[in-house]
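1. generate coordinates for the sequence data below:
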Amino acid sequence: MLSHEIAKRLYEIEAVQIKTDRSFTWTSGIKSPIYCDNRLTLSYPDVREVIVDAFVEIIGKMDDKPDIIAGCATAGIPHAAWLAQRLNLPMVYVRSKPKAHGKGNQIEGKISAGQKVVVIEDLISTGGSALNSALALQAEGVEVLGTLAIFTYGLSKSFESFSEQGIELKTITSFDVLLDYLVSIDNLTVSEKEGLMEWRDSLFERIKSN
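-> Take a look at the predicted model:
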């Protein structure tokens, strides 16, 4: 399965790293056992190709097909570009907020009301930035068929937020798949895996209560 293959590739190039002592510190200050930097995939053409393959496979199963591909600034942009090139489709990208100068654009590139779009992101944590991109496109009259991402931590909040807006969220691989892979190669014990899953679930509860 591509989800397992891509989890393996991300781990091999250290785009995702696991430390059971939770010694990574996220920007939010959270002490974490996992760090994900999918920007590293830019330097590995074979990994990029497999990621595009997976996006194409997901889109191929959609009832409706996109007229345009949108990338979330900044890390989603290159993957959106490679996917758009593969599908021979136009592409745009969406900033986190409108520019403070010039035309004040939030969406760069040409879109038209009524077009169908798929949004590409590299990582879903709470999903806020990707959802904001999808909503910005909707505000311009574009139909968002869904948001696709490479990796998710699997926080229920992210999927709930998209569901509340009626937007489908799909990811190629996940924290859960990665842990299964690490157990399969004896880089993680079953007990350590269970501890990491408990950390993720408790993180969701902390975020929900804030």
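
2. contacts only, for Val92.
-> Residues counted as contacts of Val92 (C-beta atoms under 8 Å, 6 or more residues apart in numbering) are 68-71, 107-111, 117. Just so you know, the C-beta spots here come from the backbone N, C-alpha and C atoms, and that holds for glycine as well.

3. just the buried members of the residues you listed?
-> Buried members of these, counted by 16 or more other C-beta atoms under 10 Å: 68-71, 107-108, 111, 117.

4. closest one of the residues you listed to Leu178?
-> Gly71 (23.6 Å; C-beta to C-beta).

5. pLDDT (mean, whole number) over the top helix by length along the chain?
-> In the chain, with assignment by DSSP state H, the single longest helix is helix 190-209. Averaging pLDDT along helix 190-209 yields 82.

6. run the chain-centre distance for it.
-> Distance of helix 190-209 from its chain centroid, counting by C-alpha atoms, centre = their mean, to the nearest Å, is 20 Å.

7. equivalent analysis for stretch 49-59, please.
-> That offset, for stretch 49-59, works out to 13 Å (C-alpha atoms, centre = their mean).

8. go on, stretch 16-32?
-> Mean C-alpha position of stretch 16-32 versus that of the full chain (C-alpha atoms, centre = their mean) differs by 18 Å.

9. for it, give me every contacting residue.
-> So stretch 16-32 is contacted by 7, 10-11, 33-37, 151, 178-179, 182, 188, 192, 195-196, 199, 203 (C-beta under 8 Å, 6+ apart).
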